[in-house]
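[1] Give me a model of this one.
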Amino acid sequence: MAVTPQQAQQVLDRAELIYSADQISDALDQLAAQINHAVAPYVNDEQPVIVISIMNGGLILSGHLLTRLNFPLHVDFIHATRYRNQTQGGELEWKVEPHQSIRGRNLIVLDDILDEGYTLEAIIRYCEQQGAKNVITAVLVEKKHDRRTPGVHCDFIGLAVDDKYVFGFGMDYKGYHRNLDAIYALAD
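    Modelled structure (predicted):
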């Protein structure tokens, strides 16, 4: 069922602030420092690292994080989704594969949230099948619960949230609120 802009605003008005813009900025600084350190061994390779944003949620994270990375890189994206403007995920739908060849390349895959891990697992598997040399993963938010796909983990995590539906800073509520500079949870 489609949500009107007024209904989306009502959801935001009742939502609980989980992380402020300043807290997110601090987490991005720490995330970038960890990634810069981890990528240092790959900087001397013949080809630059490719940073791949998972669309649409990873767009905001990527835009903010890329300016903090201090090594030569290329940027690309993958569009694979399970949510399609809903609050529960379904079957993974592949929309766009990376435009650059990833064979033999070092990759950093960025996404907004690690929830159950189905999307991240499929994208890691895809990158490995395409011959990526290394796949490093980073998310802004990891949701704490016990429903994670077995064996799926993320190399770098900015923030943790309880098992609530969260939105803002790339994560949406039925297509709205990706543009918020903070992270909110739906009211109970």
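[2] what's around residue 1, how many residues?
    Number of residues near residue 1 (other Cβ atoms under 10 Å) recorded here: 5. Yep, even glycine has a C-beta here, placed from its N, CA and C like the rest.
[3] To clarify, my last question referred to residue 187.
    Neighbour tally, residue 187, other Cβ under 10 Å: 11.
[4] Also residue 50?
    If you count neighbours by other Cβ under 10 Å, residue 50 ends up with 20.
[5] Give me the residue ranges of this protein where confidence is low.
    Applying pLDDT under 70 to the chain picks out residues 45, 82-90.
[6] hey, which helix is longest across it?
    Scanning the chain for the longest helix, with DSSP state H as the assignment, gives helix 21-39.
[7] List the buried residues in that helix.
    Neighbour-count burial for helix 21-39 flags 24, 27-28, 31-32, 35, 39 (criterion: 16 or more other Cβ atoms under 10 Å).
[8] Next, count neighbours for the closest residue to residue 40 other than its chain neighbours.
    Spatial nearest neighbour of residue 40, excluding adjacent residues (Cβ to Cβ, 6 or more residues apart in numbering): residue 71 at 7.4 Å. Look at residue 71: counted by other Cβ under 10 Å, it has 14 neighbours.
[9] now residue 144
    Quick note: residue 144 (other Cβ under 10 Å) scores 10 neighbours.
[10] Surely it and residue 160 touch.
    Yes: if you go by Cβ atoms under 8 Å, residue 144 and residue 160 touch, sitting 5.6 Å apart.
[11] need the contact list for the residue nearest to residue 40.
    Residue 71 makes contacts with 36, 39-40, 43, 48-49, as judged by Cβ atoms under 8 Å, 6 or more residues apart in numbering.
[12] give me phi/psi at the residue nearest the centre of the chain?
    Among the residues of the chain, residue 111 comes closest to the average C-alpha position under Cα atoms, centre = their mean, at 1.2 Å. Dihedral pair for residue 111: phi -140, psi 170, per degrees, to the nearest 10.
[13] can you check residue 149 too?
    When read as degrees, to the nearest 10, the backbone of residue 149 gives phi -60, psi 130.
[14] can you give me the helices in this structure?
    5-14, 21-39, 58-66, 118-129.
[15] Include distance to residue 105 when you put these into CSV, please.
    Formatted as CSV, the helices of the chain follow (distance: least, Cβ to Cβ, whole Å):
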stretch, distance to residue 105
helix 5-14, 39
helix 21-39, 12
helix 58-66, 17
helix 118-129, 9
